[in-house]
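S.K.: Sequence unavailable; structure follows:
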């Protein structure tokens, strides 16, 4: 089994994509995150759902999540509007790491080793020109391991 | 919206569950991990898929994932057998953190704040006796945010 046979189309966003659109895309999928492309269309990093939440909630709730309790239920339900007009780039953690990448020939073990060492639930598969061919999630990888 | 309305049944394992059974359970679901219960049935930690992979692959591949390339494709395809008879507990990272928990009354904002600050894609909802009532994933939370 090679990466080329495991890679699936994967939702992507750009740095300039509105964060609220990214959040909506995440809600529509069941994925660990979205791949963020750079201006040349190459995979740059992964935007996890938890990072989108981070930008939406008031900063005092991040310092102490129990303070979120002072907000009443109707206001709490619409917290996502706190994203305002921020872009995906403004949501990223400054320590955000590059998305792990493999070439189409990588074996199942190579992909698994990369996921394990990077604690990465998503690995990008590149075309020869460095653009995104598709991606593999740890869930898809485990599916194939047990289908054999 | 309160945690009680968002919590779903969630697959759990015990510390002593064979890691291979946990990997198979992860493959059957589309979840960020499994909740590991302690001996009293209380949620203890989350076992992510990447951590299961970590135990299955040879240690030299973890030090340098490119070394996985020396294993030919048929052998690479069956790497999961490397789990042997290890238990879930033996797969856990020594720095593994407790699973974040909320009570059934927690609001959407409280849950989101906890996910964001802990970088946690899963939050456990407890019964009054400390046992697991259910769990909420970041994906389920975003689904509900946009359904309102």
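M.R.: Received, thanks. Because the structure is predicted, anything quoted here is derived from the model rather than measured.
S.K.: Spell out the residue ranges of the helices in chain A.
M.R.: A:3-6, A:19-28, A:49-56, A:59-63, A:73-77, A:88-91, A:108-118, A:138-147 (DSSP state H).
S.K.: Pairing-wise in the sheet, spell out the partners of the residue nearest the centre of chain A.
M.R.: Closest to where the C-alpha atoms of chain A average out (C-alpha atoms, centre = their mean) is residue A:33, at 2.3 Å. According to DSSP bridges, the residues that bridge with residue A:33 are residue A:48.
S.K.: so what's it scoring on pLDDT?
M.R.: Looking at residue A:33, its pLDDT is 90.
S.K.: hang on, isn't it packed against residue A:43?
M.R.: No. Taking contacts as C-beta atoms under 8 Å, residue A:33 lies outside contact range of residue A:43: 11.6 Å. Every C-beta, even on glycine, is put in place using the N, C-alpha and C of the backbone.
S.K.: quick one on the thing from earlier: adding distance to chain B and mean pLDDT, write the helices of chain A out as CSV.
M.R.: Output for the helices of chain A, formatted as CSV (distance: least, C-beta to the nearest C-beta, whole Å; pLDDT from 0 to 100):
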stretch, distance to chain B, mean pLDDT
helix A:3-6, 11, 90
helix A:19-28, 4, 91
helix A:49-56, 4, 89
helix A:59-63, 4, 81
helix A:73-77, 4, 82
helix A:88-91, 11, 89
helix A:108-118, 4, 92
helix A:138-147, 4, 91
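S.K.: May I see those arranged in a markdown table, with mean neighbour count as well?
M.R.: Conversion of those to a markdown table gives the following (neighbours: other C-beta atoms under 10 Å in any protein chain shown):
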| stretch | mean neighbour count |
| --- | --- |
| helix A:3-6 | 18 |
| helix A:19-28 | 20 |
| helix A:49-56 | 24 |
| helix A:59-63 | 15 |
| helix A:73-77 | 15 |
| helix A:88-91 | 19 |
| helix A:108-118 | 25 |
| helix A:138-147 | 18 |
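S.K.: looking at the ones you listed, which is closest to residue B:71?
M.R.: Nearest to residue B:71 among the helices of chain A is helix A:108-118; the distance by C-beta to C-beta comes to 5.4 Å.
S.K.: Next, count neighbours for residue A:66.
M.R.: Residue A:66: 11 surrounding residues under other C-beta atoms under 10 Å in any protein chain shown.
S.K.: ugh, wrong one, residue A:47
M.R.: Neighbours around residue A:47, by other C-beta under 10 Å: 28.
S.K.: contacting residues around it?
M.R.: Neighbour list for residue A:47: A:13, A:22, A:33-36, A:88, A:91-92 [criterion: C-beta atoms under 8 Å, 6 or more residues apart in numbering or on different chains].
S.K.: Residue A:71 now?
M.R.: A:61, A:79, B:107, B:109 are the contacts of residue A:71 under C-beta under 8 Å, 6+ apart.
S.K.: Same list, these, but as TSV with distance to residue B:54 please.
M.R.: TSV is the format used below for the contacts of residue A:71 (distance: C-beta to C-beta, whole Å):
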residue	distance to residue B:54
A:61	33
A:79	35
B:107	35
B:109	34
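S.K.: Out of those residues, which is nearest to residue B:8?
M.R.: residue B:107 (17.4 Å).
S.K.: shouldn't that closest one be in contact with residue A:67?
M.R.: No. Using C-beta under 8 Å, residue B:107 makes no contact with residue A:67, being 11.8 Å away.
S.K.: For those two, indicate the residue with more neighbours.
M.R.: For residue B:107 and residue A:67, the more surrounded residue by other C-beta under 10 Å is residue B:107, and the numbers stand at 23 against 15.
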